[in-house]
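Asker: Quick one, structure for this:
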Amino acid sequence: MHQQQPLFLVDLVTAVRRTMAINKRALVGALAALVLLSVATFQVSQLQPSANDKLGETGATQGDGNNNNSNNNGLASWLGDWTRRPAVDVTMKPKRKLLASAAGLGVQTCTPATKWVYIKTHKTGSSTIANMFHRFGNRHGLKLALPRDDTFYAWPNLDTSRIIATVWQRKTSSQTYDMLCSAHVRYNRAALDSLVPDAKYLTVLRSPLTHVKSSYSYWGVSNHIRQNGGPSLSLDQFLENPTKYFQVANRGDYMLLKNSQCFDLGLSNEPSESQVRNLMKEMDESFFVLITDHMDESLVLLKRMYCWDFEDIVYISLKSRTKTHTSEPDATVQLRERRIREMNPMDQMLFDHFNETLWKLIKQDPGFDEDLKRFEEYKHKMSMECSQYAGISEAAHRRFIEEGSHISEIERLCHLILLDSQSFSKHMKWKQHADPTDVECLTQGFPRKSGVLEVTPDTGSDVVVSLLIGHAIRHNLPIGLPAAGAAPDSVRTWTAPVKSGTHAIPKLSFVVGRPDAAMNMRDARAMVNDRETTMVVLRDPVLRFLELWEKYDGEMVTGVSLKAYVASPTTYASKFSTEQRENLHFGQSKSLGFKSTSITPSDPDVNNFVRMASQQFQLWILTDRLAESLVYYRRYMCFGKADTQFMLQSKDFPTNPSSRTLVSSLPVTASLRTAIQKIVPADYALYSVATQRLNNQISREMSFDVEVNNLMKDADVNLSEQCAHMLELSKADLVQKARTLNEDRQCAMMLLGANGLKQVLMSMTTRYVYTNLV
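Answerer: Take a look at the predicted model:
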């Protein structure tokens, strides 16, 4: 079967043909070069590793997911003229020959550049370039310096130690990498050289005239000014007096709008002209600078200068917005552009210099135009092929890549191209067998710091409350808890110390409700910091009903069997007290505000209540599925592993339903379950919504079962091994150990339960004081 020629050989043949038309006397030299290159190609092919060879030294699982080559037609055959041989082991560094000058048939020996630091600037198309670098590193098995939070290398901080500390799993101070490209970082040469020595540097610049317009809209600067008490401003109005309005805007708006490209490159937001000129001189020597306004030209030049391939630089823009063209008077546009240049003169100087540099380099490369044309055709072909996947979620892309044994090489490449920076960083960690608790997080790497937890009676909510209190203790966060014996809407809370006879009450991080009364959610949310997460604890109403029936000694109280009661509850329910009767039939709903004078409420009442509740809560924690609920809770809140660790059997709560239902469940026949569901309609409807929400949420998660299994295993190990030496300690001793920063603290906190952890709170002397709120 005919073997497809490598891309660079096709390039040479094309150049030979063109050169023959220009200068026939070059034919002899051209043919000689072709013979030499054919020999070199044969020699390189002998270095080609087998499909089973490892690429690079990542220590990671090779490949993306489980490739099944029998099911794909091959990227090579699909690309036709753009075919290249499979990637070789870059540690072997085989020589490749590329056409340097089409006109003169100069042949340049080069090796793909594989050591890079990428300074990811804001709103410049930088996410597209980050994806390109991720794919290049992934394809060649390079060691990437990945960010711990998948979002920042300490940005906007410029401190060397803080930048280095943000690299994930850096085991020693001497450990180095091949690339740093995954997140925003400010240019600090000392820090970055220590991570990626002898690297080439790359960044992206954009014309301030479009950059400011895009940034002002994307970052919501006008909204921030209005929220801070200022007027609602269009960009043109803002540019009339930016100094004035920066005083009202958020601090981040200033960093991201005022000479922000200089800021990302290590200068201040108001650098001097000499500082910028020094920076340009340094960048001239060590940087390759892409220009957003001429992205295709920039990438093709990158490919030609550093021996990359079309597959390395192909992109489908990840964050670009649909362009809308509005007709504006020339005078309006000219005034806006003048004011932008006046506001950001240093960004303009930087852009002008490197934009001019780009076109000088292109002008010096006679073979550039043909490569550009071929790249645009290739990019169009890939865009058409990948467009069918553009609307799916990041988790879906990762699932195809990591679990899709049936997909073709083309499909896999499409999913890789469409991954955003955070997801690609997580994928690279997954390839290194990372613990899901170190990788999977539904925020931009920062834990959510506020929430309202509503608990329901007889659902085993103590475990969840304990975890939230433990999180507050570890991180010294103010939390509001129910006050024993107080009114239903009263809480105990951390408050600031008394000053001048008055309490200065801070905003709380978390507020926990009480199971015997509905929390006023509006008041509770007003007590916590902004962007709070609303959570509720529920339990399967059928299992809950059966346990309450035993707890209340139902057969003794009613004089009938469970089966008889379920068949006709209105006949026998009056035997229970009002509190017991309501708790049996709609106790969970009642604690969330549902009211009914009958144990058989009307469908409209139930539906209205469930609709209200479904809109009120973001996280639904089901104690019958506690492990699953806690894993999603940890990911949603972006908490650490310790914040969801518990024991299967707490010392203080040996019969806790939430513990028991993790390992067993009450036997319930299908007919009995159906009958009980009918007599607990509000609780059943509420639980059905919660179950559906949880199922939908976890269906989009990666490595979810792995983390659930690890959590269950840890819960068993915590009791049988790690914490066994503390099982006989008194509560007072456990409280003392929970206050101490040593290896026993976590065990003590797991053993204490919610009531014991409240004592820890009250005994701590920090910047907050535990007191009653009246």
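Asker: Surely L372 and D296 touch.
Answerer: Yes. If you go by Cβ atoms under 8 Å, L372 and D296 touch, sitting 6.5 Å apart. Backbone N, C-alpha and C define where each C-beta goes, glycine included.
Asker: And those two? Which one has more around it.
Answerer: L372 (18 against 13; other Cβ atoms under 10 Å).
Asker: May I ask which helix or strand of this structure has the lowest mean pLDDT?
Answerer: None of the helices or strands of the chain scores lower by mean pLDDT, DSSP states H and E than strand 96-101, at a mean of 30.
Asker: Could you list the residues in contact with stretch 165-176?
Answerer: With Cβ atoms under 8 Å, 6 or more residues apart in numbering as the test, stretch 165-176 has contacts from 145-149, 152-154, 164, 177, 180, 194-197, 429, 432, 434, 438.
Asker: Buried by neighbour count: which residues of that stretch qualify?
Answerer: 166-168, 170, 176 (16 or more other Cβ atoms under 10 Å).
Asker: Next, format those as JSON lines and append secondary structure, pLDDT and distance to C747.
Answerer: Putting the buried residues of stretch 165-176 into JSON lines (DSSP: H, G, I helix; E, B strand; the rest coil; pLDDT from 0 to 100; distance: Cβ to Cβ, whole Å) gives the following:
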{"residue": "T166", "secondary structure": "coil", "pLDDT": "93", "distance to C747": "30"}
{"residue": "V167", "secondary structure": "strand", "pLDDT": "95", "distance to C747": "31"}
{"residue": "W168", "secondary structure": "coil", "pLDDT": "91", "distance to C747": "28"}
{"residue": "R170", "secondary structure": "coil", "pLDDT": "86", "distance to C747": "29"}
{"residue": "T176", "secondary structure": "coil", "pLDDT": "96", "distance to C747": "38"}
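Asker: where does the stretch 501-650 of the chain have low pLDDT?
Answerer: 501-506, 647-650 (pLDDT under 70).
Asker: would you list every one of the strands in it?
Answerer: With DSSP state E, counting those that start in this stretch as the criterion, the stretch 501-650 of the chain has strands at 510-512, 533-538, 619-622.
Asker: Can you say which of those is nearest to A748?
Answerer: strand 510-512 (20.4 Å; Cβ to Cβ).
Asker: Quick one: list the elements packing against that closest one.
Answerer: Under the contact criterion of 3 or more Cβ pairs under 8 Å, 6 or more residues apart in numbering; DSSP states H and E, strand 510-512 touches strand 451-454, helix 462-475, strand 479-482, strand 491-495.
Asker: what's the helix or strand for Y201?
Answerer: Y201 is located in strand 200-205, with elements delineated by DSSP states H and E.
Asker: could I get that strand in PDB with only the CA atoms?
Answerer: Extracted in PDB, the C-alpha atoms of strand 200-205 (Å, rounded to 0.1, in the frame of the first residue of the first chain):
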ATOM      1  CA  LYS A 200      11.400  30.200  25.100                       C
ATOM      2  CA  TYR A 201       8.800  32.800  26.200                       C
ATOM      3  CA  LEU A 202       5.600  33.600  24.400                       C
ATOM      4  CA  THR A 203       2.700  36.000  25.000                       C
ATOM      5  CA  VAL A 204      -0.200  37.600  23.100                       C
ATOM      6  CA  LEU A 205      -0.800  41.300  22.700                       C
END
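Asker: Tell me which other helices or strands it touches.
Answerer: strand 116-119, helix 126-139, helix 273-286, strand 287-291, helix 345-363.
Asker: Adding distance to E454, write these out as a markdown table.
Answerer: Formatted as a markdown table, the helices and strands packed on strand 200-205 follow (distance: least, Cβ to Cβ, whole Å):
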| stretch | distance to E454 |
| --- | --- |
| strand 116-119 | 45 |
| helix 126-139 | 38 |
| helix 273-286 | 54 |
| strand 287-291 | 50 |
| helix 345-363 | 49 |
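Asker: which one of the ones you listed lies closest to S408?
Answerer: Here helix 126-139 is closest among the helices and strands packed on strand 200-205 (Cβ to Cβ), at 16.3 Å.
Asker: quick one: average pLDDT of that closest one?
Answerer: Mean pLDDT, helix 126-139: 94.
Asker: hang on, the earlier thing: P208 is nearest to which of the helices and strands packed on strand 200-205?
Answerer: Each of those has some distance to P208 by Cβ to Cβ; the shortest is helix 345-363, at 4.6 Å.
Asker: I'd like to know which elements that closest one is packed against.
Answerer: strand 200-205, helix 208-218, helix 260-264, helix 273-286, strand 287-291, helix 295-306.
Asker: buried stuff in stretch 332-341?
Answerer: 336-337, 339-340.
Asker: What are the contacting residues of it?
Answerer: 208-209, 212-213, 235-236, 239-240, 242, 348.
Asker: rerun that using 6 Å as the cut-off
Answerer: 208-209, 212, 236, 239, 348 (Cβ atoms under 6 Å, 6 or more residues apart in numbering).
Asker: And for stretch 439-450?
Answerer: 149-151, 426, 429, 509, 528-529, 532-533, 635-639.
Asker: Let's see if you can find the most crowded of those residues.
Answerer: K426 (25 neighbours).
Asker: In terms of helices and strands, where is it?
Answerer: K426 belongs to helix 421-431 when assigned by DSSP H and E.
Asker: Alpha carbons only: can I get the following helix or strand past that helix in PDB?
Answerer: Per DSSP H and E, the first helix or strand lying C-terminal to helix 421-431 is helix 436-439. Extracted in PDB, the C-alpha atoms of helix 436-439 (Å, rounded to 0.1, in the frame of the first residue of the first chain):
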ATOM      1  CA  PRO A 436     -10.100  13.500  42.400                       C
ATOM      2  CA  THR A 437     -10.200  15.600  45.600                       C
ATOM      3  CA  ASP A 438      -7.100  17.400  44.300                       C
ATOM      4  CA  VAL A 439      -8.600  18.000  40.800                       C
END
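Asker: Just give me the neighbour total for the nearest residue to F545 once chain neighbours are set aside.
Answerer: Once flanking residues are discounted, F545 sits nearest to I676: 5.3 Å by Cβ to Cβ, 6 or more residues apart in numbering. By the criterion of other Cβ under 10 Å, I676 has 23 neighbours.
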